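In: Structure for this input, please:
(one chain, ligands or ions: 1)
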Amino acid sequence: MAVRTPPLVPGVPLVGNAPAFRRDPIELLRRGLDTFGPIFSIRLGPRRAAVIIGPEHQQFFFGETDRALTMPEVYRAFVPIFGEGFTLAAEPGEYREQRAILQPAFAPQRLGGYIEVFVRETDAWLDGLGSEGELELVDAIEKLSLEMIAAALMGDDFRRLMGADFWQLYRDVVRGLDFVLPPFLPLPRFRRRDRARRLLHKRIGTIIGDRRADPGGHDDFLQALAEAHYSDGREVPVSTLQSMILFLVFSAAESTPLQASWTLILLLQQPDYLASVVEENGPLLAANAGPTGPDVVRRMHRLHWAILETERMRPMITMLWRYNREAYDLGGYHVPQGWSTVICPPLAHRLPHVFADPDRYDPERFSPGRAEHRQAVLNLVSFGGGAHHCPGMAFARSLTTVMLSRLVDRFELRLSGSAPGADFSNSITRPGRCLVRYRRRTRPRGPRVAEPAVTQVTQ
Ligand code: HEM
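Out: All right, here's what the predicted structure looks like:
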């Protein structure tokens, strides 16, 4: 048995690495990686965490999840957001039941219906943009994506029945997320969180009640949820469905719009590559090419590689955490029970022995023409791995593909200023404000982007 614990990144008395972590968590972990190699540790106040970087250690991390490494302790902070019993804070038996109940939302045969919604909502947005103007990209993509997510996952009547203030209430709930403070403190932020969650639960409860009382005529995922049963035949309680619905909307809404924004921001910095995307997609989107469906989305290869390269360079979730319910030995170190274990996609995706020339934007590393393409796909961990791998990956990538392919097909776009940097606080990679000028193409499905701006990708 190993006796040494992983080396600790030097910090300050009492709070350890907490101030550096709050300032720039990725910089802190990069320092650990550069100084000690792929296994080291940090201390956040009284909490110790082992950080493990790279494909072989990630395999251990995903393989041990729900065994030595567990999720409920990590996700307990989300209970005041979603409600008691929510999927990832549940013990393994209940978690597996809920995952099975969510599964129909991600069945491949649902994708065609989701894509129809993405096309409809994107086209309505593009039609309203006028002939030219300027927009703040992240805000615009977020607004559009949230509408698409709610309509696709829950159906049009969910949006109507949840009320015009749905997203405002949702924001109030999410802003109450806090990993440090006790959730019951009488802070205005926490009061707003609780009020908003109660209102959302009430409305979801009413919709579920109505759907159960009168199931006829609905063929959407919300109906599948309303009718869901556990494997022993029990009806799923409304309180569990309320938390599951909020969790599902959260999972989709907190990452997909930002990943889509980054994809476009990086493309706008690579005009030649963007031009090749427009050129490839033009015939697929031409008026006589028929409706966009999963088969069309799958043929947009160059945009797909750009999405993968963006996931590599700007992975949305900066760290995945587990609690060590049991001690383990790894790489010659002993990691005690009671610590946490962390992996960090932004660092893992920049390891030069894993991704050649890792700071270079190179979507074609994912193309079948390149020897490394299969390994490159396997080594992406932006959607997690193992039994908890994100089930919404195809949904998120299809949404991004539909939205961006249609946007760049109809509009010439250029960054108004410099490209935004990444903000890594709150565990996600958020782009800063990004102004983009747009002009409707006179030839709607032209083969090339006019007058591309020449800029470098901001690393
Ligand atoms: C770019 C967009 C997205 C990214 C980067 C992303 C990333 C992730 C990651 C990393 C995990 C694993 C977390 C962990 O192991 O601790 C995860 C889990 C999950 N994601 Fe996503 N996700 C995205 C979009 C979506 C969408 C659109 C949905 C729903 C439609 C979704 C639903 C879920 C669910 C339900 C889980 C929990 C899976 C489980 O533990 O069984 N995600 N996601």
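In: give me the low-pLDDT residue ranges for the protein?
Out: 443-459 (pLDDT under 70).
In: let's go with 80 and repeat that
Out: The chain contains residues with pLDDT under 80 at 1-2, 180, 216-217, 219, 425-426, 443-459.
In: which parts of it sit against the ligand?
Out: 88, 99, 102, 153, 248, 251-252, 255-256, 259, 316-317, 320, 382-384, 388, 390-392, 395-396 (Cβ under 6 Å from any ligand atom). No exception for glycine: its C-beta is placed from N, CA and C like everyone else's.
In: give me that answer again for 5 Å
Out: 99, 251-252, 255-256, 259, 316-317, 320, 383-384, 388, 390, 392, 395-396 (Cβ under 5 Å from any ligand atom).
In: Please indicate which of those are buried?
Out: Taking 16 or more other Cβ atoms under 10 Å as the criterion, what is buried in those is 251-252, 255-256, 259, 316-317, 320, 383-384, 388, 390, 392, 395-396.
In: Now intersect the residues you listed with the strands, please.
Out: residue 320 (DSSP state E).
In: What is the nearest of the buried ones among the residues of the chain next to the ligand to the ligand?
Out: Using Cβ to the nearest ligand atom, the shortest approach to the ligand within those belongs to residue 392, at 2.2 Å.
In: Strands of the stretch 351-459 of the chain, start to end?
Out: In the stretch 351-459 of the chain, the strands defined using DSSP state E, counting those that start in this stretch lie at 411-415, 422-423, 430-431, 435-440.
In: okay, the ones you listed in a markdown table with mean neighbour count next?
Out: Below are the strands of the stretch 351-459 of the chain laid out as a markdown table (neighbours: other Cβ atoms under 10 Å):
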| stretch | mean neighbour count |
| --- | --- |
| strand 411-415 | 19 |
| strand 422-423 | 16 |
| strand 430-431 | 20 |
| strand 435-440 | 16 |
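In: Out of those, which is closest to residue 75?
Out: strand 430-431 (20.8 Å; Cβ to Cβ).
In: elements contacting the closest one?
Out: Contacts defined by 3 or more Cβ pairs under 8 Å, 6 or more residues apart in numbering; DSSP states H and E place strand 430-431 against helix 137-154, helix 256-268, strand 422-423.
In: Show me what counts as buried in whatever helix or strand comes next after the longest one.
Out: Per DSSP states H and E, the first helix or strand lying C-terminal to helix 137-154 is helix 156-162. Taking 16+ other Cβ under 10 Å as the basis for neighbour counts, the residues of helix 156-162 that come out buried are 158, 159, 161, 162.
In: Kindly report the same for stretch 23-37.
Out: 25, 26, 28, 29, 30, 31, 32, 33.
In: Equivalent analysis for stretch 268-281, please.
Out: So stretch 268-281, judged by 16+ other Cβ under 10 Å, has buried residues 268, 269, 270, 271, 273, 274, 275, 276, 277, 278, 280, 281.
In: Please apply the same query to stretch 346-363.
Out: Within stretch 346-363, judged by 16+ other Cβ under 10 Å, the buried ones are 346, 347, 348, 349, 350, 354, 355, 358, 361, 362, 363.
In: For the residues of the chain next to the ligand, work out which two are farthest apart.
Out: Taking Cβ to Cβ, no two of the residues of the chain next to the ligand sit farther apart than 99 and 259, at 22.4 Å.
In: Tell me which residues touch the residue nearest to residue 402 when sequence neighbours are not counted, please.
Out: Closest residue to residue 402 apart from its sequence neighbours, by Cβ to Cβ, 6 or more residues apart in numbering: residue 118 at 3.9 Å. Counting by Cβ atoms under 8 Å, 6 or more residues apart in numbering, residue 118 touches 148, 152, 398, 399, 402, 403.
In: Tell me, how many residues neighbour residue 83?
Out: For residue 83, the count of nearby residues is 24 (other Cβ atoms under 10 Å).
In: contacting residues for it?
Out: With contact taken as Cβ under 8 Å, 6+ apart, residue 83 is in contact with 197, 201, 239, 242, 243, 246.
In: which SS class is the last one?
Out: When the structure is reduced to helix, strand and coil (DSSP: H, G, I helix; E, B strand; the rest coil), residue 246 reads as helix.
In: For the nearest residue to it once chain neighbours are set aside, grab phi and psi.
Out: Once flanking residues are discounted, residue 246 sits nearest to residue 82: 4.6 Å by Cβ to Cβ, 6+ apart. For residue 82, the backbone dihedrals are phi -90, psi -30 (criterion: degrees, to the nearest 10).
In: pretty sure residue 176 contacts residue 80?
Out: Yes. If you go by Cβ atoms under 8 Å, residue 176 and residue 80 touch, sitting 6.3 Å apart.
In: so what sits against both of these two?
Out: 183, 190, 193, 194, 197.
In: Can you tell me which of the residues you listed is closest to the ligand?
Out: The ligand has its nearest neighbour among those in residue 197, at 18.5 Å by Cβ to the nearest ligand atom.
In: Tell me who's in contact with that closest one.
Out: Going by Cβ under 8 Å, 6+ apart, residue 197 touches 80, 81, 82, 83, 173, 176, 246.
In: That one belongs to a helix?
Out: Yes. Applying three-state DSSP, one finds residue 197 inside a helix.
In: Give me the distance between it and residue 265.
Out: Counting by Cβ to Cβ, to the nearest Å, the separation of residue 197 from residue 265 is 33 Å.
In: By proximity to the ligand, which residue of the stretch 51-200 of the chain wins?
Out: Per Cβ to the nearest ligand atom, residue 99 is where the stretch 51-200 of the chain lies closest to the ligand, at 4.8 Å.
In: give me the element that residue is part of.
Out: helix 92-102.
In: likewise residue 4?
Out: Going by DSSP H and E, residue 4 is not part of any helix or strand.
In: Go ahead and confirm it touches residue 336.
Out: No. Residue 4 is beyond contact range of residue 336, at 11.4 Å (criterion: Cβ under 8 Å).
In: Name the residue in these two with the higher neighbour count.
Out: More crowded of residue 4 and residue 336, by other Cβ under 10 Å: residue 336, with 12 against 8.
In: With adjacent residues omitted, what lies nearest to that one?
Out: Per Cβ to Cβ, 6+ apart, closest to residue 336 is residue 327, 5.0 Å.
In: before we move on, the earlier item: filter the shared contacts of residue 176 and residue 80 down to the ones in helices?
Out: 190, 193, 194, 197 (DSSP state H).
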